[in-house]
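# Provided below are the primary sequence and the corresponding predicted coordinates.
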Number of protein chains: 2
Amino acid sequence: MPRRSYHHGNLREALLRGALRVIAELGPAAFTLREVARRAGVSHNAPYRHFRDKDALLAAVATQGFRELTRAMRDAGERQSKALERLKQSGLAYVAFAIRRPEHFTVMFDAPFRSSKDPEYMQASQEAFNTLVNYIRNCQDEGQLRAGNTLERALYAWSLVHGIAKLAVAGRLPFRTKGAMLKFAMFAINESVSGD
Amino acid sequence: MPRRSYHHGNLREALLRGALRVIAELGPAAFTLREVARRAGVSHNAPYRHFRDKDALLAAVATQGFRELTRAMRDAGERQSKALERLKQSGLAYVAFAIRRPEHFTVMFDAPFRSSKDPEYMQASQEAFNTLVNYIRNCQDEGQLRAGNTLERALYAWSLVHGIAKLAVAGRLPFRTKGAMLKFAMFAINESVSGD
DNA sequence: CCTGCAATGTGGACACTGACAACATTGTAG
DNA sequence: CTACAATGTTGTCAGTGTCCACATTGCAGG
């Protein structure tokens, strides 16, 4: 990784990484295009060659986050054999992702940007949700979850893990360790399917 | 409401109201102290006589929001006679509040400010949670909910309604009307206690 | 009824930000 | 090798949060 002369070489990636670090250190509110540029050792205007504006950078960070989340959920699910276990573990992975990458998670869901227009962002987030829907459907097909409106069931499951994740990231769950939070998440997930 | 001469008369209230309107119209990111001051018809520095800084104003808005939320939950609960119904309706009121006052809800939970140090804010949010805990405990006492770790149960219930509320406010629930969202919320709440 | 002071509001200033435009440097396709 | 597109830089502008000094006003104690 030699010192750059004029062209950075891989500025786009560096900006994405830098954005995450800034958000992690100073919080999403203190996130600044100029600060990110500074850390990449580049002038305050260089980022505009790679992102239309501040929101576009944040949208890119969020998109990347959704892809990671989807991967984490699938990895966790595929490690199980029973349909219901797949669903549970993938839900747990959702919470674990939020705890492991709070900056990403924050940007993904309540970033201060109006990203709904970015097609990549929309697609990436849709894919994460689809993963969940599939696990639910599999459970219903195998009779491990009451049949019925699959979408409604999926939204229910999503709401639960999302709520846990949000509260955890916001520091509102009275647990000190990540392990304790995940243990609670497992309790809640089990509880939520105990009626079926 | 006469035109003010020099002193506004009730600037503090006007600023709080104005802040909500700005957030509702432009989004929480576009919220600006100067814009709020402009709308109140005062100079850009007048707000500093009532709030230490921008974060303090937002914290005040959030505090006010938590008080309203607490009231809404209690009102909804007290309208019921059975303990389990009280719990359910107060959960529904949580979601309804978020849908009715998305600006408030946003500021309360993921405002771009570090408000954890404001004692009034902390107390107001704690009180909202206590309301929920009490309803849970009553259900357990009357045997309408499995006994056990009350705090854990309360966090579970909170996570669920919080997740629904967040997703609804973020526009991620595929329902077009508020009524449809609340109907889904009721479904989820019922589902969540169906195992007990 | 004064009068002086604390509360409240104003104007100016400064460093910082996002964004635009004009210009500089460089890799690379032909 | 050479033009050109991609990438990076400097300069600039309006808008922002916050500090300071100053202006206006309500009100309490004489």
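Arrived safely. Numbers count the residues shown, from 1 in each chain, chains lettered A, B, ... in the order given.

# rest of the way, CA atoms for contacts and neighbours
Noted.

# DNA strand D contacts on chain A?
A:6-11, A:41-47, A:49-50 (C-alpha under 7 Å from any atom of the strand).

# mind running it again at 10 Å?
Within chain A, the positions adjacent to DNA strand D are A:4-12, A:14-15, A:37-38, A:40-50 by C-alpha under 10 Å from any atom of the strand.

# any idea how far stretch A:54-64 is from the chain center?
Offset of stretch A:54-64 from its chain centre (C-alpha atoms, centre = their mean, to the nearest Å): 12 Å.

# Name the residues of stretch A:166-185 that are buried.
Within stretch A:166-185, the residues that qualify as buried are A:Lys166, A:Leu167, A:Ala168, A:Val169, A:Leu173, A:Met181, A:Leu182, A:Phe184, A:Ala185, counting by 16 or more other C-alpha atoms under 10 Å in any protein chain shown.

# Which members of those additionally contact chain B?
A:Lys166, A:Leu167, A:Leu173, A:Phe184 (C-alpha under 8 Å from any C-alpha of the partner chain).

# Output those residues in JSON lines; the columns should cover pLDDT and secondary structure.
As requested, those are exported to JSON lines (pLDDT from 0 to 100; DSSP: H, G, I helix; E, B strand; the rest coil):
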{"residue": "A:Lys166", "pLDDT": "97", "secondary structure": "helix"}
{"residue": "A:Leu167", "pLDDT": "97", "secondary structure": "helix"}
{"residue": "A:Leu173", "pLDDT": "96", "secondary structure": "coil"}
{"residue": "A:Phe184", "pLDDT": "98", "secondary structure": "helix"}
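
# Nearest to DNA strand C among the residues you listed?
Taking C-alpha to the nearest atom of the strand as the measure, DNA strand C sits nearest to A:Lys166 out of those, at 24.7 Å.

# ok, now which ones touch that closest one?
A:Ala98, B:Gly163 (C-alpha atoms under 8 Å, 6 or more residues apart in numbering or on different chains).

# which of the residues of chain A next to DNA strand D come close to DNA strand C?
Filtering the residues of chain A next to DNA strand D for proximity to DNA strand C by C-alpha under 10 Å from any atom of the strand leaves A:4-9, A:37-38, A:43-49.

# So which residues on chain A come close to chain B?
Counting by C-alpha under 8 Å from any C-alpha, the residues of chain A near chain B are A:27-29, A:109-110, A:112-113, A:152, A:155-156, A:158-164, A:166-167, A:170, A:173, A:184, A:188, A:191-196.

# at 6 Å instead, please
A:Ala29, A:Pro112, A:Tyr156, A:Ser159, A:Leu160, A:His162, A:Gly163, A:Ile164, A:Ala188, A:Ser192, A:Ser194, A:Gly195 (C-alpha under 6 Å from any C-alpha of the partner chain).

# Perfect, I'm done here.
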